[in-house]
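Asker: need coordinates for the below:
(2 chains)
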Amino acid sequence: MSNHQLPEELAHAFRVGEDGRVVLIAGRAPDGRLSFPRPDWCGEDLIAAETVEIAGEGEIHCHTIVRTKAPYGLPTPYAVGYVDIDGTGLRVFGLLEGPTIDTLAPGQRVRLGARPLGVDNGGRACLRPVFSVAEGSRP
Amino acid sequence: MSAAVHVAGYGMVPFGRHANRSVVSLGAEAARLALKNSGLAPSRVSLGVFANALAARLFGASTLGQNVFAALGLQGMAVLNVENACTSGSSALHVAWLAVCSGQADVALVVGAEKMCVPQLGLINSGDTEMETLLGLVTPAGFALRAARHIHEHGTRREDLCAIAVKNRAHAALNPAAMFRAPITVEEVLAAPMIADPLTRLQCCPVADGAAALVLVSDSVARSLGARARARMDVSVLASGHYDNTDSLAVWETDRRTAGLAYEQAGLGPDDLDVVECHDAFTIAELLHYEGLGLCPPGEGGAFVAAGHSRLGGRIPVNPSGGLLSRGHPVGATGIAQVIEIVEHLTDVADTRQVEGARVGLAHCMGGDKGTDTKSCSVIVLSR
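Answerer: A predicted model of the protein is given here:
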């Protein structure tokens, strides 16, 4: 793993493990409902939400390929989409990549990792979470 | 419950490129036109509300409303500055409407102005500190994702999306204040450069400079103006989105919820509408708003536009101004310009794009992204 860091705006929502896999930092309300990212306070009593780390694995719900000049030094084109995270009811936005971005499709299995990709708001090279299509996954 | 609110006057600086004009200059011109149109002296204004979304980011400007109103000699009164993304203009109207409803103001001047045709604009997003922005969410992508899902779930055709751009351009051809007026075809829309699949450039609204202003007055002021009280602003509803665990991207729950409240408060339903202006920042947005506003059943927006129901002469004309797609979208001015378009139809002055006999109109706007939803949604109902 490189010395790059997640942008500060993402650090509260993702944790990069030693193995390079990334977990989502979600919150659980007293009624069991999960939210991502974790809200500071929840419920009618405005209590602190319980912190829950969730494996970044799921299925592509939908995706698009952005073909205009990319922001933050991302490649042009690049793919983004929503991923339904296994067993949580959470639908999470993120960068997507597969063997080629033109083969991405709803229903494909993806796993969240992190790699040096683009720059942060200060123009510094940084890590970004990316959902990658699991090997052999078909829609 | 609340007192009636009337539109007494309006003014616009046509949307387009105004290279040598400042935001304040554009706003002040629209405000002057609106006051002249109302027949009210500047000294009658008791509340000024100014809408702008981007001047802080693009020019480092703040509290510009005071500068706009001071340019007209209006000083000492209450002035509010409103930023609420694409609903900045409609949110400013909402605040003014509340003030006149409650009796706190009897003449409110609402101005929206924006200057976007500058090199530093870049791609619009929901703010550089938003998590999704850092993950690559630019505004066209958020709508493209909804389009992809609508196509996947309902079999909506790309040609149906393109038909919205073609329809709104045909409407704009009848609107001298529209930015783009030359006709386009479905084939041209499909062949335009891809921005975010499946949305091509001609399915995305252009950036623009421009300004719009409205004068809202109380019943007593309206009575004193007689025929110059042009239309009633019956209901204004402003709502925000739900940001986690969204169940469907192909059904815009925030649209349905906001419109439902507006219909309930106005005591009418979608079948009672004669004309609609909605936030067609992208073709898929207008299609989803057909469904969210109840103009057609969920999933049937593609068939609705294909049948011609939303064009002038159709069952319920949508965006007769040309919409954001062709009239242009100077963000802070848009929500006010939408209401001006409705007022022109309710007062039979919309010329060749007039919806004959229009008695009730609705203006819908939406702004910003967060999670899987919009940050802001507004619905305003007007009648003659």
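Asker: give me phi/psi at the nearest residue to B:A148 once chain neighbours are set aside?
Answerer: Counting by C-beta to C-beta, 6 or more residues apart in numbering or on different chains, B:A148 lies nearest to A:C62, which is 4.6 Å off, once chain neighbours are set aside. Bear in mind the C-beta positions are built from the backbone N, C-alpha and C, glycine included. The phi/psi pair for A:C62 (degrees, to the nearest 10) reads phi -160, psi 160.
Asker: tell me what A:C62 is bridged to.
Answerer: Beta bridges link A:C62 to A:Y82 when assigned by DSSP bridges.
Asker: just checking, it touches A:P106?
Answerer: Yes. Between A:C62 and A:P106 there is a contact under C-beta atoms under 8 Å: 5.8 Å.
Asker: now the common contact residues for the two.
Answerer: Taking C-beta atoms under 8 Å, 6 or more residues apart in numbering or on different chains as the contact rule, A:C62 and A:P106 both touch B:H152.
Asker: who's more crowded, those two?
Answerer: In this view A:C62 and A:P106 are compared by other C-beta atoms under 10 Å in any protein chain shown, and A:C62 has more residues nearby, 25 against 17.
Asker: any idea which element whatever residue of chain A ends up closest to chain B lies in?
Answerer: Residue nearest to chain B within chain A: A:T64 (3.9 Å; C-beta to the nearest C-beta). For A:T64, the host element (DSSP states H and E) is strand A:57-66.
Asker: equivalent analysis for B:R181, please.
Answerer: Assessed by DSSP H and E, B:R181 sits outside every helix and strand.
Asker: and what of the one 3 residues further on?
Answerer: With secondary structure defined by DSSP H and E, B:I184 is part of neither a helix nor a strand.
Asker: that one: neighbouring residues, count only.
Answerer: If we define neighbours as other C-beta under 10 Å, then B:I184 has 19 of them.
Asker: spatially central residue in the chain, please.
Answerer: In the absence of a named chain, this looks at chain A. A:G94 (4.5 Å; C-alpha atoms, centre = their mean).
Asker: switch to chain B, that's the one I care about
Answerer: Short answer for chain B (C-alpha atoms, centre = their mean): B:G335, at 3.2 Å.
Asker: ok now the strand or helix carrying it, how far from the chain's centre?
Answerer: Assessed by DSSP H and E, B:G335 sits inside helix B:331-346. Put simply, helix B:331-346 sits 7 Å off its chain's centre (C-alpha atoms, centre = their mean, to the nearest Å).
Asker: got it, and stretch B:329-347?
Answerer: The answer for stretch B:329-347 is 6 Å, by C-alpha atoms, centre = their mean.
Asker: near chain B, which residues of chain A? Just list them.
Answerer: A:7, A:9-10, A:13, A:33-37, A:61-72, A:74, A:78, A:80-82, A:89-91, A:93-95, A:106, A:120-121, A:128-129 (C-beta under 8 Å from any C-beta of the partner chain).
Asker: point out where chain B drops to low pLDDT.
Answerer: By pLDDT under 70, the low-scoring segments of chain B are B:1-2, B:123-124, B:126, B:227, B:245-246.
Asker: look at the residue in it that chain A sits nearest to and say how many residues are nearby.
Answerer: Taking C-beta to the nearest C-beta, chain A has its nearest neighbour within chain B at B:A144, 3.9 Å off. As a burial measure, B:A144 scores 28 neighbours (other C-beta under 10 Å).
Asker: and the host helix or strand of it, what does it pack against?
Answerer: Assigned by DSSP H and E, B:A144 belongs to helix B:139-154. When contacts are defined as 3 or more C-beta pairs under 8 Å, 6 or more residues apart in numbering or on different chains; DSSP states H and E, helix B:139-154 packs onto strand A:57-66, strand A:78-85, strand B:194-196, strand B:199-200, helix B:283-292, helix B:301-306.
Asker: of all those, which lies closest to B:A222?
Answerer: When the helices and strands packed on helix B:139-154 are compared by C-beta to C-beta, helix B:283-292 sits nearest B:A222, at 30.4 Å.
Asker: ok, now how distant is the residue nearest to the centre of chain B from B:N84?
Answerer: According to C-beta to C-beta, to the nearest Å, B:G335 stands 9 Å off from B:N84.
Asker: what is in contact with those two at once?
Answerer: Joint contacts of B:G335 and B:N84 (C-beta under 8 Å, 6+ apart) are B:A51, B:S90, B:S91.
Asker: doesn't the second one lie inside a helix?
Answerer: Yes. With DSSP: H, G, I helix; E, B strand; the rest coil as the criterion, B:S90 is assigned to a helix.
Asker: help me confirm that it comes into contact with B:Q338.
Answerer: Yes. Contact criterion C-beta under 8 Å: B:S90 and B:Q338 qualify, at 7.3 Å.
Asker: strands along the stretch 201-350 of chain B, start to end?
Answerer: Remark: strands assigned in the stretch 201-350 of chain B by DSSP state E, counting those that start in this stretch are B:209-218, B:231-239, B:275-277.
Asker: tabulate those (JSON lines), appending distance to B:G65 and mean neighbour count.
Answerer: Shown next, in JSON lines, are the strands of the stretch 201-350 of chain B (distance: least, C-beta to C-beta, whole Å; neighbours: other C-beta atoms under 10 Å in any protein chain shown):
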{"stretch": "strand B:209-218", "distance to B:G65": "12", "mean neighbour count": "30"}
{"stretch": "strand B:231-239", "distance to B:G65": "19", "mean neighbour count": "22"}
{"stretch": "strand B:275-277", "distance to B:G65": "24", "mean neighbour count": "27"}
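Asker: any chance of those in JSON lines, with distance to B:K115 too?
Answerer: Formatted as JSON lines, the strands of the stretch 201-350 of chain B follow (distance: least, C-beta to C-beta, whole Å):
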{"stretch": "strand B:209-218", "distance to B:K115": "5"}
{"stretch": "strand B:231-239", "distance to B:K115": "25"}
{"stretch": "strand B:275-277", "distance to B:K115": "22"}
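Asker: now the strands for chain A?
Answerer: A:14-16, A:22-28, A:34-35, A:41-42, A:47-48, A:50-55, A:57-66, A:78-85, A:91-97, A:109-119, A:125-133 (DSSP state E).
Asker: what lines up beside the third one in the sheet?
Answerer: Taking DSSP bridges as the criterion, strand A:34-35 pairs within the sheet with strand A:22-28 (antiparallel).
Asker: now the residue nearest to the centre of chain A: closest residue in space that isn't a chain neighbour?
Answerer: A:F131 (5.0 Å).
Asker: and for B:I164?
Answerer: Using C-beta to C-beta, 6+ apart, the closest residue to B:I164 is B:T283 (4.2 Å).
Asker: any idea how far the one you found lies from B:S220?
Answerer: In terms of C-beta to C-beta, B:T283 sits 44 Å off from B:S220.
Asker: more neighbours, the two?
Answerer: Comparing B:T283 with B:S220 by other C-beta under 10 Å, the one with more neighbours is B:T283, at 31 against 11.
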